[in-house]
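1. Quick one: sequence and predicted model below, then my questions.
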Amino acid sequence: MEMYHLGNNTYTVAGGQCLRGTMQQGMDRDEVNPGRFSDQPAANPDITPVGRDTIDGEEVLVYEIAQDGSPEPVTYYILADSGYPRRIEAESMRWDFHSWGSVEPIQKPEGDCRSMSGGGMPADGGS
């Protein structure tokens with residue numbers, strides 16, 4: 001799955017399909033704000049520092065967060081040099097984040113993207 005945030009639009013590409021929504025329907029920008037994200041361990045005692053690791057040559061700080069209803073924690077890999085998230089892993093999924101501060105322009109995915117309704121379900125129409 002790939003996600004693109006352009007202005008107030010979020011494009012999600014998965015399984016050969018593209019869905020378009022707004023930031024209110026997708027991830028909040030504060031969720032990936034490095035200043036706010038880096039402060040979460042101090043604000044949440046359920047976050048456990050695990051150590052350091054390397055992902056694709058980038059040094060990361062590793063944290064685990066207990067999740068309700070699951071014996072498996074969510075693991076956060078935070079870039080040591082910037083505080084940006086690099087990877088989030090849970091029992092059945094993995095999100096990789098990259099291209100922070102990239103100077104290359106980001107464009108919406110090619111092809112027809114279906115609009116996502118307010119409830120998070122695809123609606124008719126495209127762009």
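-> Arrived safely, thanks for sending. Numbers count the residues shown, from 1 in each chain.
2. Quick check: which ranges of the protein have low pLDDT?
-> In the predicted model of the chain, residues 23-45, 117-127 satisfy pLDDT under 70.
3. ok, now with 50
-> Judged against pLDDT under 50, the low-scoring parts of the chain cover residues 25-27, 119-127.
4. how about the strands of it, start to end?
-> Assigned by DSSP state E, the strands in the chain fall at 2-6, 9-14, 17-22, 47-55, 58-65, 74-79, 85-90, 93-96, 114-116, 122-126.
5. Which secondary structure elements does the longest one sit against?
-> Applying 3 or more Cβ pairs under 8 Å, 6 or more residues apart in numbering; DSSP states H and E, one finds that strand 47-55 makes contact with helix 34-43, strand 58-65, strand 74-79. Placement of C-beta: from N, CA and C, glycine included.
6. Can you give the contact residues for that strand?
-> Residues from elsewhere that reach strand 47-55 (Cβ atoms under 8 Å, 6 or more residues apart in numbering): 40-41, 59-66, 73, 75-77, 80, 86-87.
7. Now which of these would you call buried?
-> Buried residues within the contacts of strand 47-55, counting neighbours by 16 or more other Cβ atoms under 10 Å: 41, 60-65, 73, 75-77, 86-87.
8. could these be laid out in a markdown table, adding distance to Thr12?
-> Shown next, in a markdown table, are those (distance: Cβ to Cβ, whole Å):
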| residue | distance to Thr12 |
| --- | --- |
| Pro41 | 28 |
| Val60 | 24 |
| Leu61 | 27 |
| Val62 | 26 |
| Tyr63 | 25 |
| Glu64 | 26 |
| Ile65 | 23 |
| Pro73 | 25 |
| Thr75 | 22 |
| Tyr76 | 21 |
| Tyr77 | 21 |
| Arg86 | 20 |
| Arg87 | 18 |
